[in-house]
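Novice: pasting the structure only:
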């Protein structure tokens, strides 16, 4: 049983299982917790066949996500984004590459989109120490260089 009070639901057009497998290939500690195909669903009047949809539940980095594959009515946009807090530059490089290849796209300031259009910020945790530093010169350098980068390069922010 999940003790998580709020579970984000990711609505995709089709193939919840493939979407789940994609995210599980990136987040190595993840797991598929459930997959369901609902076929020949009745329409709003309880009649006929309004089609089918799929659901999957995955756990990534200890957080449960629901995936609903129910058609093209809704698309991801930057209003909801996920941040990956990385321990070092190697981890930033890994997630950046994994999310931007095969149809993903680079943004600026550490932001990118995966091949499904979900927006991510890939950030080394030390970045937050730099932009919250008590020393104005450290803060200013980190912020100024953030706006010059796509993938965050920690050595350039220091």
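Specialist: Received the coordinates, thanks. Not measured: the values here are computed from a predicted model.
Novice: C-alpha only now, for contacts and for neighbours.
Specialist: OK.
Novice: counting neighbours, what do you get for the spatially closest residue to residue 141 that is not a sequence neighbour?
Specialist: Residue nearest to residue 141 in three dimensions, not counting chain neighbours: residue 157, with 6.4 Å by Cα to Cα, 6 or more residues apart in numbering. Per other Cα atoms under 10 Å, the neighbour tally for residue 157 reads 21.
Novice: what does the helix or strand where residue 83 lies contact?
Specialist: Secondary structure assigned from DSSP states H and E places residue 83 in strand 81-86. The contact list for strand 81-86 (Cα atoms under 8 Å, 6 or more residues apart in numbering) reads 92, 118, 119, 120, 121, 122, 123, 124, 125.
Novice: switch the cut-off to 6 Å
Specialist: With Cα atoms under 6 Å, 6 or more residues apart in numbering as the test, strand 81-86 has contacts from 92, 119, 120, 121, 122, 123, 124, 125.
Novice: next, count neighbours for the closest residue to the third one other than its chain neighbours.
Specialist: Once flanking residues are discounted, residue 120 sits nearest to residue 82: 4.8 Å by Cα to Cα, 6+ apart. Applying the criterion other Cα under 10 Å, we find 12 residues in the vicinity of residue 82.
Novice: where's residue 82 relative to residue 60, distance?
Specialist: 12 Å (Cα to Cα, to the nearest Å).
Novice: re earlier: got the buried residues for the strand holding residue 83?
Specialist: If you call a residue buried by 16 or more other Cα atoms under 10 Å, then strand 81-86 has these buried ones: 84, 85, 86.
Novice: and the helix or strand just after that strand with strand 81-86, angle?
Specialist: Next helix or strand after strand 81-86 toward the C-terminus (DSSP H and E): helix 89-100. Calculated by axes from the mean of the first three to the mean of the last three Cα atoms, to 10 degrees, helix 89-100 forms an angle of 150 degrees with strand 81-86.
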